[in-house]
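Peer 1: Task: produce atomic coordinates for the following.
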Amino acid sequence: MLFKQRCKNQNFLIILIIILAVFGASCTTTGSSDQAVTSRGDLNPNPVYYAEGSGDSAIEAMNAAKRKAVKAAAADLLGEAASSGQGEELDSFINSISDFTPYIIRDSQENIDSSSSGGYYYYLGIKINLQAVAEKLKSEDILGGQIDGREGNEYSLPDQKKPSVKVADAAGVEATAEANVAEEQRVVERIIPEATAEELAVIREYLDSLTYMVYFDEESAANPFLSRTAVTSANRFLDTEGYEYVDLSQIERIKADQQLVYEEETGEAVSIIQWIAHKLNADIYIEINLDTNSSTKNGRYYGSANVALNCYNASTAEGRGSASYQTNPPAFSTVSEEDALANAVSSAVFKGMAAAVAEAENETAKAVSKGFKYSLVMINTSDSRMMRDFEKKLERRVKSVDRISFSPEESVFEVYLIGNISDLEDFVYDTAESIPGMEGILLVMQRGNSITFDTGM
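Peer 2: Residues are numbered from 1 along each chain as shown. Here you go, the predicted structure:
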């Protein structure tokens, strides 16, 4: 009996030990699983990378920082051995990128530090789209590490540690913005040294509101794909920099649908592209000319592009400067010569647009330094001496006044001033008040840049 009871106790102890062992194993497994989750949580398909860059312009400095960040992420995806063994290919891959938009998560850019003293400098934090980087590396046959060439892979890396750089406070940001505005004012002041502070502010505001339209030279465009690539790259630059621009699809839609209207209105005296630019209220039209070359070496395709960007006033076709850019070194691709050429064209246009827009702004500032043109119509002008007095006194308030026509019923003037149509209206009222007999002047109509008054005679 005692033996049986002792066996029962032993069996109970054995069962208890087994239960405790199983429980302990499950606890250990759970702990391991939690640790694995934590480890995976440190990895991110869109990790934050930090990099610094400098250049002659803000966009050049920011692009230099983005290039370093994307290159660092690409190297980490490939692993140390693969990236060091394919250093030349990785450099060529990074240098061929002109538009970093696909490889960076939208609105993720953080300005860690910046300076515009003696050139531009930016220290940025940005989230990298590893999937896009990996797919591009695979397409260029740059493999290693996580990039094993297989389809359906998911890629992740840890966030880089944030650098210990003091971020500017709100006052610092405001001061930087004010400094940028002041620098822009100084640029305009160098172009138009005789302008007053008020006139400089008006011109700067006008330049900031310019709308651009970019298209290719139809007469020399041999490759429609490369021509569209060039326009798309130019528009990406304008969009990145915050400029207003006319989208390529708008141009092509109007070009296809309104050919007859264009011929009836112009008699083909101007190009259809200039007509479209005027119709869409563009201020500056930029025409792209391409000269490309390609070659193949050791199974790799190389392309170079020489790009000329000619700027015009969209309404008058007057020149507004030009710029050019040539790819160096050539872009390359493992896909085809056309792909290499597309990379070269995209890169050259994107980089050349900064100089083209700067030239357009400089030349436009010079052009408007004599003032913006307005049409002033005066009704009931029977007293020619009074109107001559009015013209002479108004001329003191504006850049210039030219009388286009005169009759007792109506006088038309061409007025140039650095200001808007409401400024001209105020000047007319102020001038009329100083001339006996014109105290009853009335505004009759204002449309666009034309304004009409009744003298009240």
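
Peer 1: Now do the phi/psi pair for D76.
Peer 2: With angles defined as degrees, to the nearest 10, D76 sits at phi -70, psi -40.

Peer 1: On the pLDDT front, check it for me.
Peer 2: In this model, D76 is scored at 90, pLDDT.

Peer 1: What of E178?
Peer 2: Confidence at E178, expressed as pLDDT, is 50.

Peer 1: and what of G419?
Peer 2: For G419, the pLDDT comes out at 87.

Peer 1: Likewise for the one 3 residues further on?
Peer 2: Model confidence at S422, expressed as pLDDT, equals 90.

Peer 1: do the same with A168
Peer 2: Note on A168: pLDDT of 42.

Peer 1: for S32, same thing?
Peer 2: S32 is given a pLDDT of 31.

Peer 1: do the same with R106
Peer 2: 80.

Peer 1: Where does it sit: helix, strand or coil?
Peer 2: Here R106 is coil, with the state taken from DSSP: H, G, I helix; E, B strand; the rest coil.

Peer 1: burial count for it?
Peer 2: 8 (other C-beta atoms under 10 Å). All C-beta spots, glycine's among them, are computed from the backbone N, C-alpha and C.

Peer 1: So what does it look like in phi/psi?
Peer 2: Dihedral angles of R106 (phi, psi; degrees, to the nearest 10) stand at phi -60, psi 140.

Peer 1: Please tell me how far it sits from N129.
Peer 2: 9 Å (C-beta to C-beta, to the nearest Å).

Peer 1: just the helices in this protein please.
Peer 2: Remark: helices assigned in the chain by DSSP state H are 2-41, 58-78, 80-85, 87-95, 130-139, 170-191, 197-208, 224-241, 248-257, 259-266, 272-279, 337-368, 384-395, 421-433.

Peer 1: Would you reformat these as a markdown table and include distance to Q160 and mean neighbour count?
Peer 2: Formatted as a markdown table, the helices of the chain follow (distance: least, C-beta to C-beta, whole Å; neighbours: other C-beta atoms under 10 Å):
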| stretch | distance to Q160 | mean neighbour count |
| --- | --- | --- |
| helix 2-41 | 16 | 10 |
| helix 58-78 | 8 | 21 |
| helix 80-85 | 16 | 14 |
| helix 87-95 | 17 | 16 |
| helix 130-139 | 13 | 19 |
| helix 170-191 | 23 | 13 |
| helix 197-208 | 35 | 16 |
| helix 224-241 | 24 | 19 |
| helix 248-257 | 37 | 14 |
| helix 259-266 | 54 | 12 |
| helix 272-279 | 45 | 21 |
| helix 337-368 | 26 | 23 |
| helix 384-395 | 64 | 16 |
| helix 421-433 | 53 | 16 |
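
Peer 1: Nearest to Y285, out of those helices?
Peer 2: helix 272-279 (4.4 Å; C-beta to C-beta).

Peer 1: and K297, bridged to which residues?
Peer 2: Beta-bridge pairing of K297 under DSSP bridges involves R300.

Peer 1: Of the helices of the chain, which is nearest L376?
Peer 2: Going by C-beta to C-beta, the one of those nearest L376 is helix 421-433, 6.9 Å.

Peer 1: Let me know the angle separating that closest one from helix 384-395.
Peer 2: Interaxial angle, helix 421-433 versus helix 384-395 (axes from the mean of the first three to the mean of the last three C-alpha atoms, to 10 degrees): 130 degrees.
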